[in-house]
Structure formats: structure tokens, C-alpha cells
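Provide a 3D model corresponding to the input given below.
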Amino acid sequence: MFVCSNHVRDALKLMFLPHIKLIAEEESFRCHLCKNKAKYKLFSFGYIRKKTKEAM
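As a prediction, the model looks like this:
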């Protein structure tokens, strides 16, 4: 999920175990909540954790 500076908190509430990465200025992603220029990429490794548990 890509978000602008104004929507970081809102997006964090929507995600399970979120991780945040700053997006380089030259990249042009849009905020998923308001369509302004995104500044952060939020992502989760929850699906990897689930697969690891299933493998055990």
C-alpha cells in the first residue's frame, strides 16, 4: 500500500504487522487513500508468517 504523509496513521491501522519504507523522490506512486503523491510504502509479511506456520 502506498500512502502520502497525511495517511500513514490511517493505513497503519488497516494493516497486520506493517513495515514502512520511504519511497525515492524519483518514483511516482499515488496514495491509495487520497491519490496524492505517495511518500511511503507500507507492506506486511503476514502471508509469509502464515506459510511458515503451515510448514511446521
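
part of a strand, is Met13?
Check again: residue 13 is Lys, not Met. No - with DSSP: H, G, I helix; E, B strand; the rest coil as the criterion, Lys13 is helix rather than part of a strand.

do you know how far it is from Ala38?
17 Å (C-beta to C-beta, to the nearest Å). The way it works is simple: take the backbone N, C-alpha and C, and place the C-beta from them, glycine included.

quick one: the strands in the chain, in order.
2-3, 18-22, 40-44 (DSSP state E).

pull up the pairing partners for the shortest one, direction included.
The partner list of strand 2-3 in its sheet, established with DSSP bridges, is strand 40-44 (antiparallel).

give the buried residues for the strand it pairs with.
Neighbour-count burial for strand 40-44, counted by 16 or more other C-beta atoms under 10 Å, picks out 40, 42.

just stretch 30-46 next, same as before
31, 33, 38-40, 42.

closest to Lys21 out of those residues?
Tyr40 (6.9 Å; C-beta to C-beta).
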